[in-house]
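>>> Prediction below, plus the sequence it came from.
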Amino acid sequence: MIEAERWRELGQQLRVDSIRAAASTNSGHPTSSMSAADLMAVLLDKYLRYDFDNPDNPANDHLVFSKGHASPLLYSIYKAAGAISDEELLSFRKFGSIFEGHPTPVIPWVDVATGSLGQGLPFSVGIALAGKRLDRLPYRIWTLCGDSEMAEGSMWEAFEHASFEGLDNLTAIIDVNRLGQRGETMHGWDLDSYVTRAEAFGWHAIAIDGHDVEAIDRAYEEAAATQGRPTVIVAKTKKGKGVAAVEDKENWHGKALDDPAAAIEELGGIRNITVDVTKPEPGEPHRFKTQPLELPAYELGEEVATRKAYGDALAAVGAARGEVVALDGEVSNSTFADIFAKAHPERFFEMYIAEQQLVAAAVGMQVRDWKPFASTFAAFFTRAYDFVRMAAVSRANIKLCGSHAGVSIGEDGPSQMALEDLAAFRAVYSSTVLYPSDANQTAKLVESMVDLDGIIFLRTTRANTAVIYGPDEEFPVGGSRVVRESDEDEVVIVGAGITLHEALEAADTLAADGVHARVIDLYSVKPVDVEGLRAAAEATGGRIVTVEDHWPEGGVGEAVLSAFADTEERPRVVQLAVREMPTSGKPAELLAAAGIDAEHIAAAARRLVGAPVRA
């Protein structure tokens, strides 16, 4: 069989198997798979360098399906490569099968979860950055994109950054099959519209007939030879290619074929071509020099912002752990990630004002076992929340630091004030949410973050706050710290970050009035210290005041309440939180206006214990 004929037959096999997979559960996206079958047949048979027996081989290429709904095609590729059996292919979308409706890294050959459109290419940029600047290996990233997802802004963040970084190890393949879920896409088959935009972003662009295997071959060869910039192959295809009942027909998105047997016969029947996929040349990733860990240490009473301690600690951890990398969204002189950038410039990545690409790049880098810390203002992570959500689906291990949280940032006003970040990150599967209150605690938590799995979020404070812990104290994740206590305590005040310091001031005021308050630093908001909180409530008659620089929904107060959800006797809990839209002002004014400063905390505690409230 000549090469081109083999590719055409393999393309037909991928179509047939995509139809069969979807037919097994009468669901899925076979027509979206059929359009890209020829593109993937040539790639698999000639250009992909991958050891399916060793998916952890650092020299492997990376195949990312940004159009994750075309999973029947991806799984058909695995079958053609001899990686899975026909029985496994036909377990598609069935309960208990790893071959889910959209691919996830539960499958050993999948790097990242896709299916939320507009994410595969940004993830690929992160992998490509790792290849160029970290691993320093010649693997290539091949990313299959859908034309519908080209409307997503995140795709153009990826186009911008890939060009800026000169990622010639990245090839995007746009499957321009014209039809989206409800009809024609924005640009239909206007290939020039995609080519012109890609070229404007600095990419090398090649327009082809996506069903002409010789043209596909030439395009891949050209992409592999292009240096200094990424390549996009804009391929005109037909959705449902090869089956008259569905080819280029509307209303067949996300549907199994009505008559799969007839469709398979029309395509020439079942084939069992097995591709001996070329394995990559051996290669070992670059590793950076390390030295013993020396965390920064701050003196008791010193005034240091936790955001500054984050930067100091990250640079120190980076010196000791060569796999630690840092990314920032053009605010590194505020998040203090610039301290890491100056200490380890070869491992720092400026992602500019593109928060979706910021998080996506971190996810891509952890694919290659790097340990990324990504930072920006906490409020701006909301721009990338779907990427955080999908990072959890990817079982990714990333560390995110959000600074400038709450009304305590002051004059900048509410557009810059993260007031929902604790709730947002607590809601993410596999997340850990940390909120340090002083500089030494911050340093210890940054050290712990390196080896924590999942989505780790650290909330830092803009203002300088007093150092209240010694540099040798430990802060286990899932714990809390009783900062002040006595045998006469009548009420518990729970704070974190900026409000812990207000709580301590309130406790001083209360003590002068003969009211004894226990103060707890809830530096681990998730997981929360259930045992510690229950013990404190029991010791103080079940009276708790929670105070947070955050909306009342989903933050510190509700984390505390969750610790008592299954108890027979629940404490009385007063939640102090930001309840009105803040304005600009000085931090002290804004804390007072929100009712979360020391005066308001003391008043709430007095009411709870029945003591007189000061006029």
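It's in.
>>> Now do the helices in the stretch 301-450 of the chain.
Along the stretch 301-450 of the chain, the segments classed as helices by DSSP state H, counting those that start in this stretch run 306-320, 332-335, 338-343, 355-367, 385-393, 421-426, 439-449.
>>> Go through those and name the closest to residue 198.
The closest of the helices of the stretch 301-450 of the chain to residue 198 is helix 355-367. By C-beta to C-beta, the value is 16.3 Å. C-beta here means a position set from N, CA and C on the backbone, and glycine is covered the same way.
>>> Isn't residue 601 up against residue 494?
No: assessed by C-beta atoms under 8 Å, residue 601 is found out of contact with residue 494, at 10.3 Å.
>>> what touches both of those two?
503, 545, 547 (C-beta atoms under 8 Å, 6 or more residues apart in numbering).
>>> Reformat those residues as JSON lines; add neighbour count, secondary structure and pLDDT.
Shown next, in JSON lines, are the shared contacts of residue 601 and residue 494 (neighbours: other C-beta atoms under 10 Å; DSSP: H, G, I helix; E, B strand; the rest coil; pLDDT from 0 to 100):
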{"residue": "503", "neighbour count": "31", "secondary structure": "helix", "pLDDT": "98"}
{"residue": "545", "neighbour count": "30", "secondary structure": "strand", "pLDDT": "98"}
{"residue": "547", "neighbour count": "31", "secondary structure": "strand", "pLDDT": "98"}
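>>> tell me which of the residues you listed is nearest to residue 223?
Each of those was scored against residue 223 by C-beta to C-beta, and residue 547 proved nearest at 56.6 Å.
>>> Pairing-wise in the sheet, spell out the partners of that closest one.
Taking DSSP bridges as the rule, residue 547 bridges to residue 576.
>>> What of residue 206?
What pairs with residue 206, by the bridge criterion (DSSP bridges), is residue 233.
>>> mind listing what residue 158 touches?
Taking C-beta under 8 Å, 6+ apart as the test, what residue 158 contacts is 121-122, 124-125, 357, 360.
>>> Farthest pair within those?
124 and 357, at 10.9 Å, using C-beta to C-beta across those.
>>> pretty sure residue 496 contacts residue 433?
No: the criterion here is C-beta under 8 Å, and residue 496 misses it with residue 433 at 9.9 Å.
>>> Quick check: neighbours shared by those two?
Contacts common to residue 496 and residue 433, judged by C-beta under 8 Å, 6+ apart, are residue 525.
>>> Looking at residue 1 now. What's its pLDDT?
pLDDT recorded at residue 1 is 56.
>>> Let me know the closest of the shared contacts of residue 601 and residue 494 to residue 254.
Nearest to residue 254, judged by C-beta to C-beta, of these is residue 547 at 48.0 Å.
>>> And the closest one, how far from residue 64?
Separation of residue 547 from residue 64 (C-beta to C-beta, to the nearest Å): 45 Å.
>>> Same list, the helices of the stretch 301-450 of the chain, but as CSV with mean neighbour count please.
CSV is the format used below for the helices of the stretch 301-450 of the chain (neighbours: other C-beta atoms under 10 Å):
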stretch, mean neighbour count
helix 306-320, 25
helix 332-335, 20
helix 338-343, 20
helix 355-367, 29
helix 385-393, 21
helix 421-426, 24
helix 439-449, 26
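>>> now for those, which one comes closest to residue 577?
Nearest of the helices of the stretch 301-450 of the chain to residue 577, taken as C-beta to C-beta: helix 421-426 at 10.3 Å.
>>> CA atoms of the closest one as CSV?
This file holds the C-alpha atoms of helix 421-426, laid out as CSV (Å, rounded to 0.1, in the frame of the first residue of the first chain):
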residue,chain,number,x,y,z
ASP,A,421,-11.9,34.6,46.0
LEU,A,422,-12.1,32.4,49.1
ALA,A,423,-15.5,31.2,48.1
ALA,A,424,-14.5,30.6,44.5
PHE,A,425,-11.4,28.6,45.4
ARG,A,426,-13.1,26.6,48.2
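>>> which other helices and strands contact that helix?
Packing partners of helix 421-426 (3 or more C-beta pairs under 8 Å, 6 or more residues apart in numbering; DSSP states H and E): helix 385-393, strand 431-434, strand 455-459, strand 524-526, helix 556-562.
>>> and the angle from the first one to helix 355-367?
Counting by axes from the mean of the first three to the mean of the last three C-alpha atoms, to 10 degrees, helix 385-393 points 20 degrees away from the direction of helix 355-367.
>>> Show me what helix 385-393 is in contact with.
With C-beta under 8 Å, 6+ apart as the criterion, helix 385-393 contacts 104, 112-116, 119, 122, 154, 356, 359-360, 362-363, 381, 398, 400, 424-425, 428-431, 454-455.
>>> Just the buried residues of these.
104, 112-116, 119, 122, 154, 356, 359-360, 362-363, 381, 398, 400, 424-425, 428, 430-431, 454-455 (16 or more other C-beta atoms under 10 Å).
>>> Return the set of buried residues in the biggest helix by length in the chain.
Longest helix in the chain, counting residues (DSSP state H): helix 3-25. Neighbour-count burial for helix 3-25 flags 6-8, 10-25 (criterion: 16+ other C-beta under 10 Å).
>>> just how off-centre is that helix within its chain?
Computed by C-alpha atoms, centre = their mean, to the nearest Å, the chain-centroid distance of helix 3-25 equals 33 Å.
>>> host element of residue 197?
helix 191-200 (DSSP states H and E).
>>> tell me what that helix is packed against?
Using 3+ C-beta pairs under 8 Å, 6+ apart: helix 191-200 touches helix 153-164, strand 170-176, strand 204-209, strand 231-236.
>>> List the residue ranges of the protein that fall below the pLDDT cut-off.
1, 611-615 (pLDDT under 70).
>>> What ranges does the stretch 201-350 of the chain have for its strands?
Secondary structure of the stretch 201-350 of the chain (DSSP state E, counting those that start in this stretch): strands at 204-209, 231-236, 303-305, 324-328, 348-350.
>>> all strands in the stretch 51-200 of the chain, in order from the N-terminus.
Using DSSP E, counting those that start in this stretch, the strands of the stretch 51-200 of the chain run over 62-65, 141-146, 170-176.
>>> what angle separates the second one from helix 355-367?
If I follow you right, that is strand 141-146. 140 degrees.
>>> Residues contacting strand 141-146, please?
Here strand 141-146 makes contact (C-beta under 8 Å, 6+ apart) with 32, 36, 39-40, 43, 47-48, 61-67, 69-70, 117, 120-121, 124, 127-128, 131, 155, 169-175, 177.
>>> Redo the helices of the stretch 301-450 of the chain as JSON lines? Include distance to residue 274.
Shown next, in JSON lines, are the helices of the stretch 301-450 of the chain (distance: least, C-beta to C-beta, whole Å):
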{"stretch": "helix 306-320", "distance to residue 274": "45"}
{"stretch": "helix 332-335", "distance to residue 274": "50"}
{"stretch": "helix 338-343", "distance to residue 274": "48"}
{"stretch": "helix 355-367", "distance to residue 274": "27"}
{"stretch": "helix 385-393", "distance to residue 274": "31"}
{"stretch": "helix 421-426", "distance to residue 274": "45"}
{"stretch": "helix 439-449", "distance to residue 274": "45"}
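>>> And the strand or helix carrying residue 605, how far out from the chain middle?
Here residue 605, judged by DSSP H and E, is contained in helix 598-609. Centroid separation for helix 598-609 versus its chain: 40 Å, with C-alpha atoms, centre = their mean.
>>> just checking, what packs against that helix?
Looks like helix 598-609 contacts strand 491-495, helix 498-512, strand 543-547, strand 572-576 (3+ C-beta pairs under 8 Å, 6+ apart).
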